[in-house]
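Peer 1: What would the 3D arrangement of this be:
(2 chains)
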Amino acid sequence: MSAKLIKAILLVEDEPGDARLIREMLNEQGSHSTELVHVDCMSAAERHLAECGVDIILLDLGLPDAQGLGAIRRAHAAAPRIPLVVFTGLDDESLAEQALQEGAQDYLIKGQIERRPLLRALRYAAERKRLERLKDEFVSTVSHELRTPLTSITGSLGLLMGNAAGNLPTPMARLLTIAHTNSQRLVRLVNDILDIEKMEAGRVVFNFSRVEVRTLVAQAIEANRGFAEGYGVRIRLEEALAGADVRADPDRLLQVVTNLLSNAIKFSPPDGEVVVAIKKGADVVRVTVRDHGQGIPVDFRPLIFQKFAQADAGDARQKGGTGLGLSIVKQIVDRLSGEVGFADAPGGGTIFHVQLPCWDHVASLAIDPETKPDATRLLLCEDDLDTALTLRAQLRQVGFVTDFAYSVSEALARAEATQYHAILVDIHLPDGDGVSLIVRLRELPQYHDTPIIVVSADTNPERDDLRSSKLNVLDWLNKPVNFDRLVHLLAKSVVRNANRRPRILHVDDDNLVARALGEIADVVTVNSIEAAQRALKAGDFDLAVLDVELAKAASPDLLPELRDSKGNAIPVVVFSAHSANLADDPREQAALAKSHSSIDNLVATVRDRLASRLASVSREMI
Amino acid sequence: MTDIRILLVDDEPDIREIVDVSLGLDREFTTRACASGADALVTAAEWSPSLILLDVMMPLMDGPTTLANLRKNPQTAHIPIVFLTARTQSSEIEHFISLGAQGVLSKPFNPMTLATSVRSYLPPPVTHHAP
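Peer 2: Residues are numbered from 1 along each chain as shown, chains lettered A, B, ... in the order given. Have a look, this model is predicted:
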């Protein structure tokens, strides 16, 4: 392959000297058609990658904002299809090896870089990446293409086996059984290869919901009973804790349990028993599958979750396996934020376990425990727990409090219960898409203007529709989220939103006052305590202005209710026809004598109070 | 005897034959097969099938385009459509459903239970006569 492959290079290097050296080498004769963009940190690299295409990334592994494998993962996540060459230190051969495993195409040792090897490394990396991509596309296409003839083969054999064409003589039936069984195995193999390829390319969408483990395990056992009988193996559910609910994609979890069961069955001795148990820990549910087979050879243990890993290839093939089952299990369990492992069983055999976060635990994580009043509270609508937790931790460092909603329905319920300052929406949610969530949020009066930012795993055709539509989405960020950009957007928009027109609840029957207040705020005027209570339920207010007579009568009933939807007390200004010094309640922060001349005074007081309240919302942002 | 008409659209002759035998296991089914989307538009309008089983990847007019064209014609707009396809990633299934398909059956299918699966997508008899 020629150097034509590489037209644009992104160099991510914080040492100016090293960067200059690389630039000089690349600018020498022969590579003049190559454009080099240099940035000095990972955030800047992510920004550049989000906007411009490059053909290759040269990455230093000791950046101020990303180091080592973390830097590789971020670069890979920001541009999964772009080849990556990393710089490592002289004494860090093991990091270099790990870098290759994490998806870098090559590494160069700092201080020893020369022009020719550098150019060669770039060329080879680009070529290697191109081949990887071709392989992925090839696997995907071939898998689909294989299904068409397989449909005809398994279909014909299935009909013959089902005696749809009349009864078969025994010797013929036996041969057809062999053909039928093997055609089905071929289908499984194609499915498994496609599954693995999709998962590695990050293209599998998980639909999380509350899953009752016992029901799901029972379903898996039922589905495998016939298969077990074929091997003369019994399956027993030993300990089946009811009410052990986890947060998972039920189809994928079924696939995990099925794969573990079929493995246990295949490696059981004839007349053996596979024992399944469900146990509950503090925050996790653990499913174990025990066989009475020969156990896993020690040499093979480190390889067991790798693709096409089989302790004894001949043995496994004889048992009808594809060598992909456990690799798929591992990939799925990782995505479910769980853990999979195995151990020798006492008395022989192996116990596999899968551990998943239990539903209650995940649900309890949804509310940010931070209770600081006046904190800027965000709602993150995201179904991937790990992603949500990471983002919360990052946002916390810059002073935001983040609640989670794992689904559209949860998001709507939370948004109605709490007034959020901004909402982040993942476009893919288990019970609907993010776009329809935004539509419904915008229908709620209290979220008419709230900043909403979309976070999405892929560049989506809906993106342009969204921006141009009336949904008023602030921005669309690709995953992994460029955190600097997110914070910038939030800071700008939440502050701006804090400068929206304030809302005042005015409990009085004086039109003059209402009109005066209307100059500086949206005013809802009511003339009874009941009406005030109704208004409080319908929406948030920044401040309440009470007539003194009503305030007196209302004190026990109304004052405790003068809170916004987050439960924070609303400042109260009491306005009186008489000079008043009435309040025992410290909440009545300003008492003013009511007269036409004092209306200006009232407006000034109200403006003051509003300013300090709204500032508390935006203080952390500036 | 009730006549349930199933129209199959698939460009692979072998698959047409297997589907025909599979659906024949249900005695109430009458099956016709078309080799292309264009044929399907004509046959669907003339024959008024109870349900159409539609392949996705076909030359000239693919499954989704055929579906869109069937929906445009008032004579065929109401006919339930089920895709029969090797493309059954969940995102693809969602996409097919969003186009207005009643369901998606995957290839390879179990020929002994295909008819039962197809039956589950038929509208209940009451809505059969609804305007």
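
Peer 1: Tell me where the stretch 251-400 of chain A has strands.
Peer 2: Assigned by DSSP state E, counting those that start in this stretch, the strands in the stretch 251-400 of chain A fall at A:273-280, A:284-290, A:339-344, A:350-357, A:376-381, A:400-405.

Peer 1: for chain B, same thing?
Peer 2: B:4-9, B:29-34, B:51-54, B:81-85, B:103-106 (DSSP state E).

Peer 1: and the fourth one, does that touch chain A?
Peer 2: No: Strand B:81-85 does not reach chain A (C-beta under 8 Å from any C-beta of the partner chain); its nearest approach is 9.0 Å. In this view, the C-beta of every residue, glycine as well, is placed from N, C-alpha and C.

Peer 1: so which of the strands of the stretch 251-400 of chain A gets nearest A:V494?
Peer 2: Of all the strands of the stretch 251-400 of chain A, it is strand A:376-381 that lies closest to A:V494, at 5.8 Å by C-beta to C-beta.

Peer 1: Next, the angle from the closest one to strand A:400-405.
Peer 2: Strand A:376-381 and strand A:400-405 are oriented at 30 degrees to each other (axes from the mean of the first three to the mean of the last three C-alpha atoms, to 10 degrees).

Peer 1: In the sheet, which strands lie alongside strand A:376-381, parallel or antiparallel?
Peer 2: strand A:400-405 (parallel), strand A:422-426 (parallel) (DSSP bridges).

Peer 1: Rounded mean pLDDT for the next helix or strand after the last one, please.
Peer 2: Moving toward the C-terminus from strand A:422-426, the next helix or strand (DSSP states H and E) is strand A:428-429. Confidence for strand A:428-429, expressed as mean pLDDT, is 79.

Peer 1: chain center to strand A:428-429, what's the gap?
Peer 2: Put simply, strand A:428-429 sits 9 Å off its chain's centre (C-alpha atoms, centre = their mean, to the nearest Å).

Peer 1: for the spatially most central residue of chain B, what are its contacts?
Peer 2: Centroid check for chain B by C-alpha atoms, centre = their mean gives B:L53 as the closest residue, at 1.5 Å. Going by C-beta atoms under 8 Å, 6 or more residues apart in numbering or on different chains, B:L53 touches B:I6, B:L7, B:L8, B:V9, B:D10, B:V19, B:V82, B:F83, B:L84, B:L105, B:V118.

Peer 1: My understanding was that the last one contacts B:L84; is that so?
Peer 2: In this case it means B:V118. No: contact criterion C-beta atoms under 8 Å: B:V118 and B:L84 do not qualify, at 9.1 Å.

Peer 1: shared neighbours of those two, which are they?
Peer 2: Counting by C-beta under 8 Å, 6+ apart, the residues touching both B:V118 and B:L84 are B:L53, B:L105.

Peer 1: Kindly provide the distance from A:M172 to A:S156.
Peer 2: As defined by C-beta to C-beta, to the nearest Å, A:M172 lies at a distance of 14 Å from A:S156.

Peer 1: higher neighbour count, the two?
Peer 2: Applying other C-beta atoms under 10 Å in any protein chain shown to A:M172 and A:S156 shows that A:S156 carries more neighbours, namely 21 against 10.

Peer 1: State whether that one is indeed within a strand.
Peer 2: No: using DSSP: H, G, I helix; E, B strand; the rest coil, the secondary structure at A:S156 is helix, not a strand.

Peer 1: Helix, strand or coil: sort out the residue lying closest to A:E519 once chain neighbours are set aside for me.
Peer 2: Nearest residue to A:E519 in three dimensions, chain neighbours excluded: A:V603, at 6.8 Å (C-beta to C-beta, 6 or more residues apart in numbering or on different chains). At A:V603 the chain is in helix, as set by three-state DSSP.
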